[in-house]
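Participant: Sharing a sequence plus its predicted fold:
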Amino acid sequence: MAFDQLERPTQASAFDADLRDAHPTTIIEAAVARFGDRLALVSSFGAESAVLLHLAAQVKKDIPVLFLDTGMLFGQTLDYRKQLAAKLGLTDVRDLRPRFQDLAVGDPDANLWKTDTDACCHIRKVLPLDRALGGFDAWLTGRKRFHGGDRLRLPVVEQADGQLKFNPLANWSKADLDAYVVQHDLPAHPLVAQGYPSIGCWPCTSPVEEGQDVRAGRWAGQDKTECGIHVARQRGAHQRRWGNLGGHAKAPAAGGDMAEDEARCLTGVWHGLFTYPDGAPDDPGAFVATLLELGPYLSGTTHEEGRFRHGETGTLFAMIEGEREGADVYFDKTYDGTGGWDHLVRYQGVLNADWTEIEGRWVVPGVWDGRFLMIRSNSRALATARQRFVRV
């Protein structure tokens, strides 16, 4: 370990000396040749992301792409992420989400951004990325020097927290990016046309006036200029364990973490309750979800009854992360179009010790949110759970 810590800064300096004037493709090729599957690309799928993603896809379409889904992204960003990944043929895009326990303790009402943006970014971006990067030795970023601030002195290759960080676009100007987009007919993020040259979470991103700095709309009116993922820090407590259930990494057979086969324990019928955005806890909606095993994932169908929608049906996609007791469960719910309901709904909850209940929060990003409870039992058991749910 001591040798490794001494070696990497030297390795970064050597890479930077060799690549500081190289074309971005050459930089990516060198990183892939050196690190192979231990190299990741971190992307926000934001205003300028298409260029680096396209460059990387030409070199290695199965490069792991880490996408921080903070739970507060614009709906347009979530749609763009899916469309762009499909267009470029990227086959290993991994959605990183904050852990429910971190949100429950640090941001239970989802309004931490109003009082402490650094803490909000730490929970929703820094911790999830630190966990994911534990499985890699190096990563690619899309930062450029023309963004200004601390990025003016950005090297092409740098050492950061025991890893190498490659910045293939460090030397490129806005004109270089625009020319590349035109040359390769890359789709723009939908919000760019609305005056957003840099796009993050909806509460802390605003459009800019013509002539303003490209990142002027990020945390406008504050001294903050970075979310924190590029700020030096100590790793350790937040190392990646085994990721999500998508087969990106294998769970150890022992030692407290879940094995992938245990996901099958969640298959079957679940009865659920959810609060509406107006917060009336004594009038919850109800749904029935049927989860089925599909390879290492879980998918299923849902049938919903409630105040505004009757007989709404849709599909669920589920992932699990963490140790067996208190594991996080993530659901993406989409609807089949009945009743005109076309929003993506995200559920994030925690399993109890015997895996018979999942409790947490749901959100339509940037629009609505509320609580939910799922019981793996029958409607009679749900009646008892309902009394407890409406009292919260």
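Facilitator: Arrived safely, thanks for sending. Numbers count the residues shown, from 1 in each chain.

Participant: From the opening residue of stretch 14-30 to its closing one, how far?
Facilitator: 12 Å (C-alpha to C-alpha, to the nearest Å).

Participant: Give me the contact list for that stretch.
Facilitator: 34, 52, 55-56, 58-60, 140, 155-158, 164, 166, 168-169, 171-172 (C-beta atoms under 8 Å, 6 or more residues apart in numbering). Heads up, the C-betas are built off the backbone N, CA and C, glycines and all.

Participant: all strands for the protein, in order.
Facilitator: 39-43, 65-68, 93-96, 138-140, 157-160, 163-166, 268-274, 285-294, 297-305, 310-321, 328-335, 345-351, 357-364, 368-375 (DSSP state E).

Participant: Do you know the pLDDT at residue 323?
Facilitator: Residue 323 is assigned 57 on the pLDDT scale.

Participant: so how far is stretch 63-82 off the chain centroid?
Facilitator: Relative to its chain's centre, stretch 63-82 lies at 6 Å (C-alpha atoms, centre = their mean, to the nearest Å).

Participant: Then stretch 222-229?
Facilitator: 18 Å.

Participant: For that stretch, report the contacting residues that lie outside it.
Facilitator: 42, 68, 117-118, 121-122, 125-126, 129, 149-150, 200, 215, 218-219.

Participant: now with 7 Å?
Facilitator: Contacts to stretch 222-229, defined as C-beta atoms under 7 Å, 6 or more residues apart in numbering, come from residues 117-118, 121-122, 125-126, 129, 149-150, 200, 215.

Participant: looking at this structure, which helix or strand does the model trust least?
Facilitator: In the chain, the helix or strand scored least confidently by mean pLDDT, DSSP states H and E is strand 310-321, which has a mean of 62.

Participant: Outline the domain layout of this structure.
Facilitator: 2-204, 267-391 (automatic domain parsing).

Participant: Let's have the ones you listed in TSV, adding distance to residue 225 and mean neighbour count.
Facilitator: Below are the domains of the chain laid out as TSV (distance: least, C-beta to C-beta, whole Å; neighbours: other C-beta atoms under 10 Å):
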stretch	distance to residue 225	mean neighbour count
domain 2-204	5	18
domain 267-391	23	17
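
Participant: how close does residue 228 get to residue 285?
Facilitator: Residue 228 sits 36 Å away from residue 285, going by C-beta to C-beta, to the nearest Å.

Participant: Low-confidence stretches in the stretch 151-300 of the chain?
Facilitator: 151, 232-265, 278-282, 293-300 (pLDDT under 70).

Participant: That one: helices as residue ranges?
Facilitator: With DSSP state H, counting those that start in this stretch as the criterion, the stretch 151-300 of the chain has helices at 174-184.

Participant: would you list the domains of the chain in JSON lines and tack on distance to residue 224?
Facilitator: Below are the domains of the chain laid out as JSON lines (distance: least, C-beta to C-beta, whole Å):
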{"stretch": "domain 2-204", "distance to residue 224": "6"}
{"stretch": "domain 267-391", "distance to residue 224": "20"}
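
Participant: wait, which of those domains is closest to residue 210?
Facilitator: Shortest separation from residue 210 across these is recorded for domain 2-204, at 8.5 Å, computed as C-beta to C-beta.

Participant: Can you get me the centre-to-centre distance for the closest one and its chain?
Facilitator: For domain 2-204, the distance to the chain centre is 11 Å (C-alpha atoms, centre = their mean).

Participant: what's in contact with stretch 134-143?
Facilitator: Contacts for stretch 134-143 (C-beta under 7 Å, 6+ apart): 28, 31, 35, 38-43, 48-49, 52, 56, 133, 151, 154, 163-170, 239-240, 243, 249.

Participant: what about it, start to end distance?
Facilitator: With C-alpha to C-alpha, one end of stretch 134-143 sits 21 Å from the other.

Participant: Quick one: mean pLDDT for that stretch?
Facilitator: 91.

Participant: do the same with stretch 66-84
Facilitator: Mean pLDDT, stretch 66-84: 92.

Participant: Start at 18, not 1
Facilitator: New numbering, starting at 18: the last item is stretch 83-101.

Participant: Report the distance from stretch 398-409 to the chain centre.
Facilitator: 32 Å.

Participant: Let me know the average pLDDT across it.
Facilitator: Rounded mean pLDDT across stretch 398-409 is 73.

Participant: How about stretch 130-142?
Facilitator: 88.

Participant: Tell me which residues are up against it.
Facilitator: With C-beta under 7 Å, 6+ apart as the criterion, stretch 130-142 contacts 85, 87-89, 115, 119-120, 123-124, 129, 220-221, 236, 239, 241, 244-246.
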